[in-house]
Structure formats: C-alpha cells, structure tokens
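Participant: sharing a model prediction with you, sequence too.
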Amino acid sequence: MIVNEWMKKPVFINEAASQSRGRNIWLEILIFFVVFLAGGILQEILMIIPTIVIFFSSESFQSLLSKMEAGEQISLMEWLSLLELPDSLVLVTLFATVGTIAAVLLYVHFIEKRKLYTMGLTRTSVFSEYGIGLAVGIVMFSAVIGLNVLFGGLSYAGALRNGGIAMILFMFLGYIVQGASEELLCRGYFFVSAARRSSLLVAMLANSVLFALLHAANVGISWLALLNLLLFGIFASFYMVRRGNIWGICAIHTMWNFAQGNIFGLQVSGTGSTASIFSFVGDDGKAWINGGSFGPEGGICVTIVLLISILILLPMKNKDKGFPAVSEKPGMEGAADS
C-alpha cells in the first residue's frame, strides 16, 4: 500500500494518457532516439556559423596562422591546442540546445497531440517553483562540495578564476537553456509518454537509464558516474511528480551544472568552463570521491547526496493542482483536478 502511494501517477500524466494513446515501452524508446537525433541535428545547425567565427578568431588559430606565414615549424601540441574549447564555444553549445527543446515541443504538440501542461509546463507558480528549484540545486551541490572537502577529495584553491563576472552570468543563462533541454527531453516528453501506458516505476527507470546513456561518451565516464546519472534521473522524475510541474527540476538541473562549473570551478559531466567564482582542485588519488576527470558526478559524494534526496522525496505526496498550460488562455481546457 505504501509503495502504491509513492508510485501514484500525477494529474499531468493521467491527462497525457487521456489526450493520446500510450505505446509499448520499447517503441517509446525507439521514438525517443529519433526525437533526440532530430534535436541534435537542429543543435548542430545552430552551432555552425558561431563555431566557425569563434574558431578562426581564436588566439590559438591566429598564433598558428602567424607561425605558418613566418615559415616556423609547428609542433603537434600546438595543433592539438586547437581542440581546446574556449568558454565562448562552450557558451554556444549550451545555447544551441534550444534545438532539442524545439524538436521535443514540435513532436509532443504535432505528433502526440498533447497539451503543454502534460509536460509539466504549468502557467501558475512558475517563478516561485523555479526559485525554489534554484535554492534546492545550490543546497544539494554545496553538500556535494562539503562532503568532498570532508573526505579529502577536494581542496580550495582560490577565487574568481580565469574570467570575469560577465562570462559567468552568460554561462548561467546558457545552463538555463541546457538544463531545460535535458529535462524537457527526458522528463517532460519521454517520462510522461512512457508512463501513459507503463507503470510510473518503469517510466522512471527507463527515462533515467536513457538520461545516463546520453552522457556515456563524455570524457572521464565511469560506472560510478553512470550510476550517479541514473540516480539523478530518478531524483528528477520524483521531484517533477511531487511538485506537479517541470519548472522546479529544470531549475535544479540548471543550478547543479552551473554550481559545478562556474561557482566551484569543476568539470561538468566531463566538460567545463575556465571561468568560475571559486576554484577547487581534486586529489588524483581519490577519484572515487571527487569523480576524477568527469567531475564530482563521477564520485561517491554525489551518490550519497542523491540517495538522501530521493529518500526525502519518497514519502511526500504529489502536489497536483491541475494548472493549465503556459500556451493556453484562461478559460480553455486545463488539466484535470486531482
């Protein structure tokens, strides 16, 4: 009985099931990869021109060009320096994930014919839910840093590293887009679509596995990192279900990534920015604690924080309010009452 209460489907999933018929979970997974690929193509298209401009105007390229014009010999390491991502290119990559958002919204609206509120895009309490999510995100990741310092995995190395406040603020805006893209893809779209026909538990596990696999090719990936990504997916699913909207988990995802890269100066799932408010360095001999080259998400401290967070969410009741969608006018059909 307790487990059934924990796994009670929220209103937005029941509404999604009433608006469009659910499919077999394996077919849902296949369609997920098609939507993901479409979003990736749109993302790459959006990146073409900015990437070309940034590449040819970079200091590394200009330096090599000058040496070539002077007839100087260029070492292999100098050629490889062109592969290093400047913050400006990382920023372009983050904003380009709007391509994934577009693909997801188009698919859900035109193919599944679902209303946006079934994705958790409610029109009420948007700012308060997002603000709460940002606060939860910074508390969670600060706990990760605290445990790392306590266990000797990380040590403080200074403040305001390699960049100004302007770049850090732009990175925050970029992570707002990037965090929303992954949450709309994995939770707003796939999780809800899968749960129309499958149980909530199956849908949670399926979207969490897919979320982890999306990061499987990242630098420094490990089995512990994949486990933590799986746990984050489960936590994100529970948070969305308990709060009755997607705004909060989008904010948590944004702050989680931003805190890693641009507050504490660490790798974000294998990638990162050189601009940060603080700088922490890891002990190479304690990769199981600090995550090594993958960043904290590859360490046991994240495992602990996510497990505790999931246990906190488990006994909570769903906050179903049946808010109408952001795209709908007052008076139009909204979500069902709980």
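Facilitator: Yes, it's here. Numbering: from 1, shown residues only.
Participant: for the stretch 101-250 of the chain, give me the ranges with low pLDDT.
Facilitator: Along the stretch 101-250 of the chain, segments meeting pLDDT under 70 span 161-163.
Participant: quick one, strands of it?
Facilitator: 154-161 (DSSP state E, counting those that start in this stretch).
Participant: show me where it has its helices.
Facilitator: Using DSSP state H, counting those that start in this stretch, the helices found in the stretch 101-250 of the chain span residues 126-151, 165-183, 192-195, 200-213, 223-243, 247-258.
Participant: elements contacting the longest one?
Facilitator: For helix 126-151, the contact count by 3 or more Cβ pairs under 8 Å, 6 or more residues apart in numbering; DSSP states H and E identifies strand 154-161, helix 247-258, strand 276-282, helix 287-290, helix 300-313 as packing neighbours. In this view, the C-beta of every residue, glycine as well, is placed from N, C-alpha and C.
Participant: same thing but at 6 Å, please
Facilitator: In terms of contacts (3 or more Cβ pairs under 6 Å, 6 or more residues apart in numbering; DSSP states H and E), helix 126-151 is packed against helix 247-258, helix 300-313.
Participant: deepest-packed of those helices, please.
Facilitator: helix 247-258 (a mean of 27; mean count of other Cβ atoms under 10 Å).
Participant: show me what it is packed against.
Facilitator: By 3+ Cβ pairs under 6 Å, 6+ apart, helix 247-258 packs against helix 126-151, helix 165-183, helix 223-243.
Participant: what's it in contact with?
Facilitator: 126, 129-130, 132-134, 136-138, 141, 172, 175-176, 179-180, 183, 236, 239-240, 268 (Cβ atoms under 6 Å, 6 or more residues apart in numbering).
Participant: how about a cut-off of 7 Å?
Facilitator: 126, 129-130, 132-134, 136-138, 140-141, 171-172, 175-176, 178-180, 182-183, 187, 236, 239-240, 268 (Cβ atoms under 7 Å, 6 or more residues apart in numbering).
Participant: narrow the residues you listed to just the buried residues.
Facilitator: Neighbour-count burial (16 or more other Cβ atoms under 10 Å) is assigned, among these, to 129-130, 132-134, 136-138, 140-141, 171-172, 175-176, 178-180, 182-183, 187, 236, 239-240, 268.
Participant: next one: residue 98 from residue 21, what distance?
Facilitator: From residue 98 across to residue 21, the span is 29 Å (Cβ to Cβ, to the nearest Å).
Participant: which of the two has more residues huddled nearby?
Facilitator: Neighbour count, other Cβ atoms under 10 Å: between residue 98 and residue 21, residue 98 has more, with 17 against 9.
Participant: for the more buried one, which non-adjacent residue is closest in space?
Facilitator: Spatial nearest neighbour of residue 98, chain neighbours left out: residue 177 (5.6 Å); criterion: Cβ to Cβ, 6 or more residues apart in numbering.
Participant: ok, the one you found to residue 105 distance?
Facilitator: Distance from residue 177 to residue 105, by Cβ to Cβ: 13 Å.
Participant: thinking again about what came up before, how about the helices of the stretch 101-250 of the chain in TSV, adding distance to residue 159?
Facilitator: Output for the helices of the stretch 101-250 of the chain, formatted as TSV (distance: least, Cβ to Cβ, whole Å):
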stretch	distance to residue 159
helix 126-151	14
helix 165-183	12
helix 192-195	42
helix 200-213	33
helix 223-243	27
helix 247-258	17
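Participant: and residue 318, which of the ones you listed is closest to it?
Facilitator: Set against residue 318 and scored by Cβ to Cβ, the helices of the stretch 101-250 of the chain come closest in helix 223-243, at 5.9 Å.
Participant: what sits against residue 141?
Facilitator: Here residue 141 is in contact with 256, 259, 260 (Cβ under 7 Å, 6+ apart).
Participant: go again using 10 Å as the cut-off
Facilitator: Residue 141 makes contact with 252, 255-260, 263-264, 266, 296, 302, 305, according to Cβ atoms under 10 Å, 6 or more residues apart in numbering.
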